[in-house]
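Undergrad: Turn this into a structure:
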Amino acid sequence: VQLVESGGGLVQPGGSLVLSCAASQNIRDIARMGWYRQTPGNQRDLVASITTDDWTNYADSAKGRFTISRDNANNTVNLRMNNLTPDDTAIYYCNAYRLNDDYEPPRFTDSWGKGTLVIVSS
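TA: Down below sits the predicted model:
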């Protein structure tokens, strides 16, 4: 599956952004999709994820500020981010965790987009 992120940019502290991830396949066939973020020298950390049953999981830093949602009609997953702070500055990556039938037997694999940069600064 190919994943293309969009929506990153420069925003002032306290502002909002909506990130979008467009998938090349029907996201109903993807068990879990998520957003991760990474800063230089650090590992890539989960921000939020959502399953096909719309079960969501958020990092503590995202709870109450970020909302992840699926748009099955357009095969996209969105991340609405409110009340942004400079600590949210990072490259945000879209992830798809799916049963991959390229393997025999099929197994779950991760796919990643190339990322979109979010900078929170005044």
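Undergrad: now residue 61, nearest residue through space, not along the chain?
TA: Nearest non-adjacent residue to residue 61, counting by CB to CB, 6 or more residues apart in numbering: residue 87, 7.4 Å away. C-beta here means a position set from N, CA and C on the backbone, and glycine is covered the same way.
Undergrad: hang on, that neighbour is in a helix, isn't it?
TA: Yes. Per DSSP: H, G, I helix; E, B strand; the rest coil, residue 87 lies within a helix segment.
Undergrad: got a pLDDT number for it?
TA: The model reports residue 87 with a pLDDT of 97.
Undergrad: Do I have it right that it meets residue 65?
TA: No. Contact criterion CB atoms under 8 Å: residue 87 and residue 65 do not qualify, at 11.1 Å.
Undergrad: where does the protein have low pLDDT?
TA: Across the chain, nothing is flagged by pLDDT under 70.
Undergrad: what about the strands in it?
TA: For the chain, the strands defined by DSSP state E cover 3-6, 9-11, 17-23, 32-38, 45-51, 56-58, 66-71, 76-81, 90-100, 107-112, 116-120.
Undergrad: got the angle for the third one vs strand 90-100?
TA: Strand 17-23 and strand 90-100 are oriented at 30 degrees to each other (axes from the mean of the first three to the mean of the last three CA atoms, to 10 degrees).
Undergrad: elements contacting strand 17-23?
TA: With contacts defined as 3 or more CB pairs under 8 Å, 6 or more residues apart in numbering; DSSP states H and E, strand 17-23 has these neighbours: strand 3-6, strand 32-38, strand 76-81, strand 90-100, strand 116-120.
Undergrad: Apply 7 Å and report the result again.
TA: Where contact means 3 or more CB pairs under 7 Å, 6 or more residues apart in numbering; DSSP states H and E, strand 17-23 is packed against strand 3-6, strand 76-81, strand 90-100.
Undergrad: How about the first one?
TA: Contact here means 3+ CB pairs under 7 Å, 6+ apart; on that basis strand 3-6 packs against strand 17-23, strand 90-100.
Undergrad: Can you say which of those strands is nearest to residue 45?
TA: strand 90-100 (8.7 Å; CB to CB).
Undergrad: Just give me the neighbour total for the closest residue to residue 88 other than its chain neighbours.
TA: Closest residue to residue 88 apart from its sequence neighbours, by CB to CB, 6+ apart: residue 120 at 5.1 Å. When neighbours are counted by other CB atoms under 10 Å, residue 120 registers 19.
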